[in-house]
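Peer 1: Starting from these lines, generate the structure:
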Amino acid sequence: MVEANSAHREKQLRAWNCRHMLQEERLQRQMARMERHALLRDTRTERHALLRDRRAMSREDRDEARRRKLPSELVKNVVRRWERLQSRLQSQRRRQEAAVLKQELAKQRAAARVEFAKQRAAARVELRRCRTEREERWRWMNRRDLTMADMLGQRAL
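Peer 2: Sure thing, here's the model as predicted:
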């Protein structure tokens, strides 16, 4: 009985050891992952701080350069910017005017198409009227009771 218990106890100890070893390995991997993330976070924070410092320094340099510029250069820059703005506004105005002209031309073309369609319809109606008149004259001239004397106007008295 003691031998059976010791075998069972040995098996339980091995299972307990396996479980705890797995748990310990999991904890070690988790700790390594946390350390890696902390390192990455620190390097990212340092990089952002460096970028912030660089931006601040370049901003200061720009401001200093702007302060050192002569008033004539500043005026030239303002005039150049104003001319660019005027040029942009003028081209925008031209584009708008071109769009308006294009719309008006399209309206005129549409009106001309409608007018042409009306003229064609009127011509068809006139052609139909002429054809019916001609057919009517032909039927009148070719009726059975009409003789050659009637056509020549010599009616027998």
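Peer 1: Asn77 and Phe116, how far apart?
Peer 2: Asn77 sits 58 Å away from Phe116, going by CB to CB, to the nearest Å. For the C-beta atoms, the positions are set from N, CA and C on the backbone; glycine is no exception.
Peer 1: And Leu27, by the same measure?
Peer 2: As judged by CB to CB, Leu27 and Phe116 stand 89 Å apart.
Peer 1: and Leu146, what are its phi and psi?
Peer 2: Main-chain torsions, Leu146, degrees, to the nearest 10: phi -90, psi 130.
Peer 1: Next secondary structure element downstream of the longest helix along the chain?
Peer 2: Longest helix in the chain by number of residues (criterion: DSSP state H): helix 71-141. Following the chain from helix 71-141 toward its C-terminal end, the next helix or strand by DSSP states H and E is helix 148-152.
Peer 1: how close does His37 sit to Met31?
Peer 2: To Met31, His37 is 11 Å away according to CB to CB.
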